[in-house]
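*Asks:* here's a sequence, model it:
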Amino acid sequence: QVQLVESGGGLVQAGGSLRLSCAASGRTFTGYAMGWFRQAPGKEREFVATIAWSGGSTGYADSVKGRFTISRDNAKNTVYLQMNNLKPEDTAVYYCAARQGHYSSSSYLYNYWGQGTQVTVSS
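*Replies:* Numbering: from 1, shown residues only. Here you go, the predicted model:
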């Protein structure tokens, strides 16, 4: 089992920045690709960003490309999501997820999920 705990959410004005963290514990972090997803009220969960185990490959949703950056520190078993130039439409609960194998934008491929952290962007 891998336990994931997100932190760093909060309330920010449009144009502001937040950095989310996701700390993993339990089984070894080795070989796990990570992803960030989000779910706004009344909407389905959607892909935000993903990163390979090595950190050498990443992927982003078009809606966040150029504004968000995913990174990881395997020594700390932690993955980050730096969010800049936030917009009201970025308001959602953000979840991190882990899977063994290749990084992916498909939520159904992820085996482990955190409890989520709320991000609210005011206009």
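*Asks:* and Ser17, how many neighbours?
*Replies:* If you count neighbours by other Cβ atoms under 10 Å, Ser17 ends up with 11. Quick note: C-beta positions are derived from backbone N, CA and C, even for glycine.
*Asks:* please report how far it lies from Ser54.
*Replies:* Distance from Ser17 to Ser54, counting by Cβ to Cβ, to the nearest Å: 26 Å.
*Asks:* ok, now which ones touch the residue nearest the centre of the chain?
*Replies:* Closest residue to the average C-alpha location of the chain: Trp36 at 2.4 Å, with Cα atoms, centre = their mean. For Trp36, the contacting residues are Leu20, Cys22, Val48, Ala49, Thr50, Ile70, Val79, Leu81, Tyr94, Tyr95, Cys96, Ala97, by Cβ atoms under 8 Å, 6 or more residues apart in numbering.
*Asks:* now a PyMOL select for only the buried ones of those residues.
*Replies:* Burial among those is assessed by 16 or more other Cβ atoms under 10 Å; the matching PyMOL selection reads:
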select buried, resi 20+22+48+49+50+70+79+81+94+95+96+97
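*Asks:* now the contacts of Trp36 in JSON lines, with secondary structure?
*Replies:* Formatted as JSON lines, the contacts of Trp36 follow (DSSP: H, G, I helix; E, B strand; the rest coil):
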{"residue": "Leu20", "secondary structure": "strand"}
{"residue": "Cys22", "secondary structure": "strand"}
{"residue": "Val48", "secondary structure": "strand"}
{"residue": "Ala49", "secondary structure": "strand"}
{"residue": "Thr50", "secondary structure": "strand"}
{"residue": "Ile70", "secondary structure": "strand"}
{"residue": "Val79", "secondary structure": "strand"}
{"residue": "Leu81", "secondary structure": "strand"}
{"residue": "Tyr94", "secondary structure": "strand"}
{"residue": "Tyr95", "secondary structure": "strand"}
{"residue": "Cys96", "secondary structure": "strand"}
{"residue": "Ala97", "secondary structure": "strand"}
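*Asks:* between the contacts of Trp36, which sits nearest Gln118?
*Replies:* Tyr94 (7.8 Å; Cβ to Cβ).
*Asks:* and the closest one, what does it touch?
*Replies:* Each residue near Tyr94 by Cβ under 8 Å, 6+ apart is listed here: Glu6, Gly9, Leu20, Trp36, Phe37, Arg38, Val48, Leu81, Gly116, Thr117, Gln118, Val119.
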